[in-house]
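Enquirer: Need a 3D model of the following:
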Amino acid sequence: MIRLLIIAITLLSVYTGNSQDYFRIKTDFMIKGKASSGEQQLTVGKIYYDKNIKKIVFDISFPEKEIWIQKDTNLYKIVNGLVTDKQKTPSIVDFTIYNLALNGSLSDFGLKKTNFKIIDIEKEGNSIYTTWEPPKELKELYGNVIIQNTDQKLTGIIFKNKDDIVVGRQFFKKYINIKGLAFPTEIIRETTINDKKIYEITTFSNIVVNEFTSDDKYDFKIPRHK
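Expert: Predicted structure coming up:
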């Protein structure tokens with residue numbers, strides 16, 4: 001459960017233009033993970049997302065056939081047509097890579113629409129580093145976020161806690177263009193949870209934008225609980 005929770009929470013924004021034309025995205029994905037203990041994990045499947053439905057559907061094919069759905073503040077695990085697990089999560093759909101890409105939140109990680117504010121901007125070569133400070137009411141929970149943009153695309157993010165300690169890093173690489181939508185096909189991520197580091201490489205392939213078929217996949221009906 002923790003691994004898929006990380007998938008839902010940490011796959012984040014990309015740069016795009018003319019986003020008003022984009023409403024739906026489908027992609028194959030593969031996640032290779034390694035914990036600080038040395039344990040390695042592999043997850044393979046497909047992802048379906050429609051920004052009007054705001055339901056992320058993870059159709060997992062390996063290591064086991066199952067479906068995960070992130071909807072509002074709930075994460076559902078579905079096996080053989082039944083909900084076998086349900087967890088409360090933060091409401092993160094708006095800040096995932098899929099939603100921000102389709103809605104054209106550019107490279108600001110969606111922070112422009114929050115109460116975070118820019119406190120520093122630095123330029124180095126082709127990259128611009130922007131430091132965002134959380135609002136006063138959130139400073140006991142979160143620290144600054146540093147965003148790297150290269151050639152108008154999000155290429156890196158650093159997350160800090162309230163004590164100014166780095167708790168996560170992400171690097172966005174190998175962008176491709178699908179119908180004018182720029183999307184990274186590789187994300188390298190380092191996350192610290194309970195003082196333990198988790199390393200992951202996520203790759204995307206066979207990306208389809210604005211598919212007009214398979215409506216049932218994008219609006220997968222959540223069955224009754226087991």
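Enquirer: For Lys174, grab the count of nearby residues.
Expert: Neighbourhood size, Lys174 [other CB atoms under 10 Å]: 11. For glycine as for every other residue, the C-beta is placed from the backbone atoms N, C-alpha and C.
Enquirer: In a strand, it, correct?
Expert: Yes - looking at Lys174 with DSSP: H, G, I helix; E, B strand; the rest coil, it is inside a strand.
Enquirer: Relative to Gly168, how far out is it?
Expert: 20 Å (CB to CB, to the nearest Å).
Enquirer: go on, Ile188?
Expert: Look at Ile188 and Gly168: by CB to CB, they are 12 Å apart.
Enquirer: Of those two, which one has the most company?
Expert: Regarding Ile188 and Gly168, a neighbour count based on other CB under 10 Å identifies Gly168 as having more, with 18 against 14.
Enquirer: which ones are touching the closest residue to the more buried one other than its chain neighbours?
Expert: Of all residues not flanking Gly168 in the chain, Phe159 sits nearest, at 4.0 Å (CB to CB, 6 or more residues apart in numbering). If a contact means CB atoms under 8 Å, 6 or more residues apart in numbering, then Phe159 has Gly143, Val145, Val166, Val167, Gly168, Arg169 as its contacts.
Enquirer: How much space separates Thr96 from Ile118?
Expert: Thr96 is 22 Å from Ile118, where distance means CB to CB.
Enquirer: Who has more neighbours out of the two?
Expert: Legend: neighbour count by other CB under 10 Å for Thr96 and Ile118, higher for Thr96 (23 against 13).
Enquirer: Tell me how many other residues surround the closest residue to Ala35 other than its chain neighbours.
Expert: Leaving aside its sequence neighbours, Ala35 sits nearest to Ile198 (CB to CB, 6+ apart; 5.5 Å). Neighbours of Ile198 under the rule other CB under 10 Å: 21.
Enquirer: for Pro90, same thing?
Expert: Residue neighbour count, defined by other CB under 10 Å, stands at 10 for Pro90.
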